[in-house]
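> mind looking at a prediction? Sequence and model below.
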Amino acid sequence: MPSTPDWINEPLAVVQGLFASSQNGPSSEWEAKAVEFFKDRLKEKDAHTWVPSLNDVPLHYLKPNSLVKFRCLIQDMFDPEFYMGVYETADPATKTKELRCGKYRDVTECGVRQLLLSQIRNTVTAERQTFYCVPIPGENLSLTLLHSYAGSSQARVVPSTSYAPSRQKRSYEEDDEGDDMDTQPQKQREPHSGQYQHGNGDCKRLETEAPSSQVGSASHLDLNFPLPGEKGPSCLVKVYEDWDSFKLNDTLEVYGILSVSPALSALADEKDASSSFLDPSESMETAEEQRVHSPPASLVPRLHMLYAKMLRHNNPLLPSVPLEDNSAFLSSTLRDMPSVRTELLSFFTHVLLGDALAAEYLILHLISTVYSRRDVLPLGKFTLNLSGCPTAASFTERLYRIIQQLVPSSFYLGMSLQNMNRMRLVPKKDYVANRLVSGVLQLASNTSLFLDETQLEPGQLDPTGVSNVTALGNLISWQKVDYDFNYHQMEFSCSINVLIASEGRSLLPSDCQVHLQSQVPPPHMEDYMSSIPLTAQLNKLRLYLSVARLLDYSISDEVTKSVEDDFVDMRKDDPQSVSADDLHRMLVVARLLSLSLGQTSLSRDSWHRAKHMEELRRSRVEQHKSVNGNEP
């Protein structure tokens, strides 16, 4: 691999050069030129693999002020902030002055023996937005699936490189010796103060220690991950243009300039130490708000966005360009989909105790997604209730682990009484800290949420438990979560694949119930589940599930007329036998069945096959009811 290009190692030098050239000529659109410069470089062959990733490379190995990328979810949006877009420095020895660019920086910087001038006429104040971003919740980082993000990156660094902690620490110390007196947090507005020089030793120590030490240091700081037990870097992403185009819970891949300036940590420590002496006339932020919005940069780095792209998926096995723009990949994949589906169906049949019908519906569930909304109705959702699940042999936990191996993001929620009464499922606004406190249901689109109702036990739900169960019902029925803003609720749409595993019919609503018919005698259940081999074609199956979800779909007028006529015929003998809801479900099953076969339009064969599957499923459910009585 060639050496890392200068535009990755020293992006601020590129920005300053473009800014300086704009001062000597007529061009005033240097900001757009800077963004286009980096976009053009990243379009070069394999250029994006040269950029280190915050998701894969420990923070203490990354070079400060270098270009990095971050795959993340927007967890919260803070208030806009002001910064010095342009400021002026002077050299007392030569009496020369220089305009400098403050964009993409957290601190204003001067050269050795230069002074920061505070004349208002040459200072330009600009505005930027701050997003609090976390790694995509539930991303299955332990899998080969997501390791290919790191494996394909030529920018992955090891301790022997110049990014090694010991080398980085010396660099910080050398920089501090010359620049501490001339480095100012941009929100601090007072030039030439040396008040941040003290305490930097501790800041440097935190920033250069290994991740295990950082975790210990972070124990007092809530990184606000939506899911319990999550790890990884949180990041304050500074956005300079078009921030209104981003929404809460969007998933992004951000390319930006990394900032871990020790001055930021020192400022946060000083604010914390003086919190009891805050003068309301000097600061509108509470001490708690300052702690949350200005965490130590060694634990929550700042990333100044140059470019970001929305992620329709987080499966690295798919090309980064849309499927419709990669005809060769799409045609090859569509050709292989029927054979891959056959293999996946055989595997799921084995996993689901020999039940081929349940395996069919599990495939349809895993490729479902909300593709559109009609008024309040989300179209495309397919919540599956897999009833009849045995409680022996940890069946549900093992089923989840298998699904976890196949999907990019997932979460297992055991619906025990303790979990329902104690867990925070719905995000809530904290007005004291002025932040959105995350909840389990703040998930990225197409996350697989596995609800294990076999964990239910006798007991009483408290108000929190009732609210949590209500939130799950709303998520399933309407694909929305009502965030708690204390005095009101705010509705956020989502697209979450919910699978409910239960013994009887689920207490929660669902789009489709399939009662599991085990072909394995209970005494042999443990040995059977332990003997299930994990297929060697994991990447092929992962690719299949993601592509099927992204395919476009249509129904011709001819097939639409045939379906309508068929529906009329089905109701002739017994109008009560097939309702409008049944027709809607059959259309959803037919759509998903077609996509699972790599077909982007509905055929008569697929429609009749969907009808047959629904007849078998309803017959099985009715038979189970007649044997066991009406279930709740």
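Nice, I can see it.
> got the contact list for the spatially most central residue of the chain?
Residue closest to the average C-alpha location in the chain (Cα atoms, centre = their mean): residue 136, at 2.6 Å. Residue 136 makes contact with 71, 72, 73, 251, 314, 408, 409, 444, according to Cβ atoms under 8 Å, 6 or more residues apart in numbering. Backbone N, C-alpha and C define where each C-beta goes, glycine included.
> apply 10 Å and report the result again.
Residues in contact with residue 136 (Cβ atoms under 10 Å, 6 or more residues apart in numbering) are 55, 71-73, 146, 226, 230, 232, 251-252, 311, 314, 408-409, 443-445, 447.
> pLDDT weak spots in the stretch 451-600 of the chain?
Applying pLDDT under 70 to the stretch 451-600 of the chain flags residues 535-536.
> related to what we said a few turns ago, in strands, which of the contacts of residue 136 fall?
Among the contacts of residue 136, the residues falling in strands (DSSP state E) are 71, 72, 73, 251, 252.
> out of the residues you listed, the closest to residue 592 would be?
Nearest to residue 592, judged by Cβ to Cβ, of the ones in strands among the contacts of residue 136 is residue 251 at 23.1 Å.
> pLDDT wise, what is the closest one at?
Residue 251 carries a pLDDT value of 97.
> ok, the one 10 residues further on next?
For residue 261, the model assigns a pLDDT of 80.
> correct me, but it touches residue 304?
No. If you go by Cβ atoms under 10 Å, residue 261 and residue 304 don't touch, sitting 11.6 Å apart.
> identify the contacts common to the two.
Counting by Cβ under 10 Å, 6+ apart, the contacts common to residue 261 and residue 304 are 65, 105, 106.
> possible to save those residues as a markdown table with pLDDT, distance to residue 93 and neighbour count?
Shown next, in a markdown table, are these (pLDDT from 0 to 100; distance: Cβ to Cβ, whole Å; neighbours: other Cβ atoms under 10 Å):
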| residue | pLDDT | distance to residue 93 | neighbour count |
| --- | --- | --- | --- |
| 65 | 93 | 26 | 20 |
| 105 | 91 | 25 | 24 |
| 106 | 88 | 28 | 26 |
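> just those residues: which are in helices?
Residues from the shared contacts of residue 261 and residue 304 lying in helices, with DSSP state H as the criterion: none.
> ok, these vs residue 537, which is closest?
Among these, residue 65 lies closest to residue 537 (Cβ to Cβ), at 43.5 Å.
> any idea how far that closest one is from residue 35?
Applying Cβ to Cβ, to the nearest Å, the value for residue 65 to residue 35 is 17 Å.
> the closest residue to residue 537 other than its chain neighbours is in what secondary structure piece?
Leaving out its chain neighbours, the residue that sits closest to residue 537 by Cβ to Cβ, 6 or more residues apart in numbering is residue 343, at 6.5 Å. Assigned by DSSP states H and E, residue 343 belongs to helix 327-351.
> same question for residue 474.
Using DSSP H and E, residue 474 sits in helix 463-478.
> contacting residues around the helix or strand just after that helix?
Remark: after helix 463-478, the chain's next helix or strand is strand 480-484, criterion DSSP H and E. Under the criterion Cβ under 10 Å, 6+ apart, residues 248-249, 373, 376, 378, 424-429, 436-437, 439-443, 467, 470-472, 474-475, 488-494, 496 lie in contact with strand 480-484.
> stretch 568-581 too?
Residues outside stretch 568-581 that contact it (Cβ under 10 Å, 6+ apart): 511, 566, 567, 582, 583, 585, 586, 611, 614, 618.
> which of the residues in stretch 303-319 are buried?
The neighbour-count check on stretch 303-319 (16 or more other Cβ atoms under 10 Å) flags 303-306, 308, 311-318 as buried.
> widest-spaced pair of those residues?
Farthest pair in those (Cβ to Cβ) is 304 and 317. Separation: 30.2 Å.
> hang on, the earlier thing: mind checking which of the contacts of stretch 568-581 are buried?
Those of the contacts of stretch 568-581 that meet the buried threshold are 511, 566, 583, 585, 586, 611, 614, by 16+ other Cβ under 10 Å.
> out of these, what pair is the most spread apart?
It's 511 and 566 that sit farthest apart of the buried ones among the contacts of stretch 568-581, by Cβ to Cβ, at 21.0 Å.
> any weak-confidence spans in this protein?
1-4, 24-28, 110-121, 141-220, 265-284, 535-536, 629-632.
> any idea how it splits into domains?
Per automatic domain parsing, the structural domains of the chain span 6-310, 323-540, 552-632.
> gap between the one helix or strand residue 17 maps to and the chain center?
Assigned by DSSP H and E, residue 17 belongs to helix 11-23. Remark: helix 11-23 is offset 33 Å from the chain centroid, using Cα atoms, centre = their mean, to the nearest Å.
> residues contacting the following helix or strand past that helix, please?
Downstream of helix 11-23, the next assigned helix or strand under DSSP H and E is helix 30-43. Helix 30-43 has contacts (Cβ under 10 Å, 6+ apart) with 5, 7-8, 11, 14-23, 27, 29, 47-48, 50-51, 67, 69, 85, 101, 103-104, 126, 240-241, 255-257, 305-307, 309.
> ok and the helix holding residue 474 relative to strand 480-484, angle-wise?
Comparing the axes of helix 463-478 and strand 480-484 via axes from the mean of the first three to the mean of the last three Cα atoms, to 10 degrees yields an angle of 150 degrees.
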